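Undergrad: following is a predicted model, sequence given first.
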Amino acid sequence: MVNKCVRALGLSSGGLDSILAALILKDQGIDVTWITFKTPFFSPKSAILASKQNNIPLRVEEITDTYMDMLKNPPAGYGKNMNPCMDCHALMFAQAGVIMEKEGFDFLFSGEVAGQRPMSQTKNSMNYVAKNSGVKRHILRPLSALLFPETPMEKEGLVDREKLLDISGRSRKAQMVLAKEMGVTQYPAPGGGCLLTDKGFSKKLRDLLYVQKIYDTRDLYLLSYGRHLRLAPDTRIVVGRTKAENEEIAKLYDPLKDVRLRHARLAGPLVIIPGGANEKRVRLAASICAGYTKTDPDLPTQVVVQFQGKEEIITVPVLKPADLKESVSYL
């Protein structure tokens with residue numbers, strides 16, 4: 001049994017691998033804490049739920065500004081879309097390393113499994129992550145530890161190497177067997193946690209970064225909701241597709257900066273123009289807004305425009321989605 005004063009800080013996504021890695025160390029008497037990170041591209045929700053279900057303390061760290069510095073030019077490049085997986089993992093370990101040093105944790109760990117993912121979890125990429133994190137000698141991966149050289153933590157007796165595992169590959173059978181043995185019955189399905197792996201989201205992000213160029217954190221969160229249409233290099237609109245999306249867009253709407261549009265009488269999308277626009281583009285956005293309602297497409301209609309506390313109703317022609325190509329770019 002390892003001395004109970006040993007403290008480990010683990011990166012957690014909230015998935016099964018993260019849970020098992022923590023429980024393996026906890027069973028050795030190690031005091032385990034999780035850390036998870038928040039950006040507009042991935043949420044801490046799964047980790048928060050896993051923390052409650054498995055009684056493992058969790059801290060959530062917002063790292064958007066630091067993450068964006070890396071995302072614009074990741075040294076190891078991107079995956080199929082705008083996912084900088086290797087440099088993302090290295091950044092997370094680096095951030096966790098700062099807290100480890102500051103708060104007296106003995107080492108870091110994660111639920112990574114060798115060979116599970118073709119870009120970020122090959123043995124070479126895992127070595128890259130460790131090297132570029134700046135905390136290589138402090139990283140332990142309990143599920144695949146026996147496939148790697150012995151770490152300082154094992155050599156110093158902080159961790160019992162004989163109780164670590166040699167899981168590899170994309171199959172999750174070994175993890176599911178282990179979960180049953182350890183009494184873990186609740187965990188999310190694998191994958192789907194990072195928006196940067198999504199083709200459509202990545203297209204909207206590229207547009208924001210390389211066409212609009214000027215943005216803030218709120219703009220990044222808006223990318224998750226609605227249709228995004230670009231009216232000009234400095235003007236885009238966000239069109240809600242469902243009631244739920246309308247509600248989320250409304251939460252991110254800034255009444256001091258944005259133009260907000262709704263049809264005057266009919267149910268339909270909430271449309272906002274982040275950062276505002278000139279009169280011509282506001283009228284175009286109003287026509288687009290009307291086009292996503294059930295109003296008569298052959299007759300002018302009325303749209304409510306709100307900006308900086310003022311409200312007016314304007315009359316515009318209806319521009320149906322099928323006729324948008326000549327006026328806007330879909331993102």
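TA: Nice, I can see it. Every value quoted in this text rests on a predicted model; they were computed, and no experiment measured them. Residues are numbered from 1 along each chain as shown.
Undergrad: OK, contacts around the residue lying closest to residue 78 once chain neighbours are set aside?
TA: In space, residue 78 comes closest to residue 84 once its chain neighbours are excluded; the distance is 5.6 Å by C-beta to C-beta, 6 or more residues apart in numbering. Glycine gets a C-beta too; all of them are placed from N, C-alpha and C. With contact set as C-beta atoms under 8 Å, 6 or more residues apart in numbering, residue 84 has these partners: 70-71, 74, 76-78, 196.
Undergrad: in these, which residue is surrounded by the most others?
TA: residue 71 (22 neighbours; other C-beta atoms under 10 Å).
Undergrad: that one contacts residue 82, correct?
TA: Yes - contact between residue 71 and residue 82 holds when scored by C-beta atoms under 8 Å: they sit 7.2 Å apart.
Undergrad: give me the common contacts of these two.
TA: Residues touching both residue 71 and residue 82 by C-beta under 8 Å, 6+ apart: residue 196.
Undergrad: nearest residue to the residue nearest the centre of the chain other than its sequence neighbours?
TA: In the chain, the residue lying closest to the centroid (C-alpha atoms, centre = their mean) is residue 42, at 1.6 Å. With C-beta to C-beta, 6+ apart as the criterion, residue 42 has its nearest non-adjacent residue at 4.9 Å, and that residue is residue 194.
Undergrad: can you report how many residues lie near the one you found?
TA: Residue 194 has 19 neighbouring residues, counting by other C-beta under 10 Å.
Undergrad: any idea how many residues pack against residue 55?
TA: 7.
Undergrad: how much space separates it from residue 184?
TA: With distances taken as C-beta to C-beta, to the nearest Å, residue 55 is found 12 Å from residue 184.
Undergrad: before we move on, what about residue 257?
TA: Relative to residue 184, residue 257 is positioned 46 Å away (C-beta to C-beta).
Undergrad: same question, residue 83
TA: 28 Å.
Undergrad: just residue 274 next, same as before
TA: For residue 274 relative to residue 184 (C-beta to C-beta), the value is 43 Å.
Undergrad: between those two, tell me which one has more neighbours.
TA: Applying other C-beta under 10 Å to residue 274 and residue 184 shows that residue 274 carries more neighbours, namely 23 against 18.
Undergrad: please look at the more buried one and residue 236 and confirm they touch.
TA: Yes - the pair residue 274 / residue 236 is scored as a contact, 6.8 Å apart, by C-beta under 8 Å.
Undergrad: now the lengthiest helix in the chain - C-alpha only, PDB.
TA: Secondary structure of the chain per DSSP state H: the longest helix is helix 85-103. C-alpha atoms of helix 85-103 as PDB (Å, rounded to 0.1, in the frame of the first residue of the first chain):
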ATOM      1  CA  CYS A  85      -5.000  17.100 -30.500                       C
ATOM      2  CA  MET A  86      -1.400  16.600 -29.700                       C
ATOM      3  CA  ASP A  87      -0.700  20.200 -28.800                       C
ATOM      4  CA  CYS A  88      -4.000  20.400 -27.000                       C
ATOM      5  CA  HIS A  89      -3.000  17.500 -24.700                       C
ATOM      6  CA  ALA A  90       0.400  19.000 -24.200                       C
ATOM      7  CA  LEU A  91      -1.100  22.300 -23.200                       C
ATOM      8  CA  MET A  92      -3.400  20.700 -20.700                       C
ATOM      9  CA  PHE A  93      -0.600  18.800 -19.000                       C
ATOM     10  CA  ALA A  94       1.400  22.000 -18.900                       C
ATOM     11  CA  GLN A  95      -1.500  23.900 -17.300                       C
ATOM     12  CA  ALA A  96      -2.000  21.000 -14.800                       C
ATOM     13  CA  GLY A  97       1.700  21.100 -14.100                       C
ATOM     14  CA  VAL A  98       1.600  24.700 -12.900                       C
ATOM     15  CA  ILE A  99      -1.100  23.700 -10.400                       C
ATOM     16  CA  MET A 100       0.800  20.600  -9.400                       C
ATOM     17  CA  GLU A 101       3.900  22.600  -8.500                       C
ATOM     18  CA  LYS A 102       1.900  25.300  -6.800                       C
ATOM     19  CA  GLU A 103      -0.300  23.100  -4.700                       C
END
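Undergrad: using the three-state scheme, assign the closest residue to residue 205 other than its chain neighbours.
TA: Distance criterion C-beta to C-beta, 6+ apart; nearest residue to residue 205, sequence neighbours excluded, is residue 82 at 5.6 Å. Following DSSP: H, G, I helix; E, B strand; the rest coil, residue 82 is assigned to coil.
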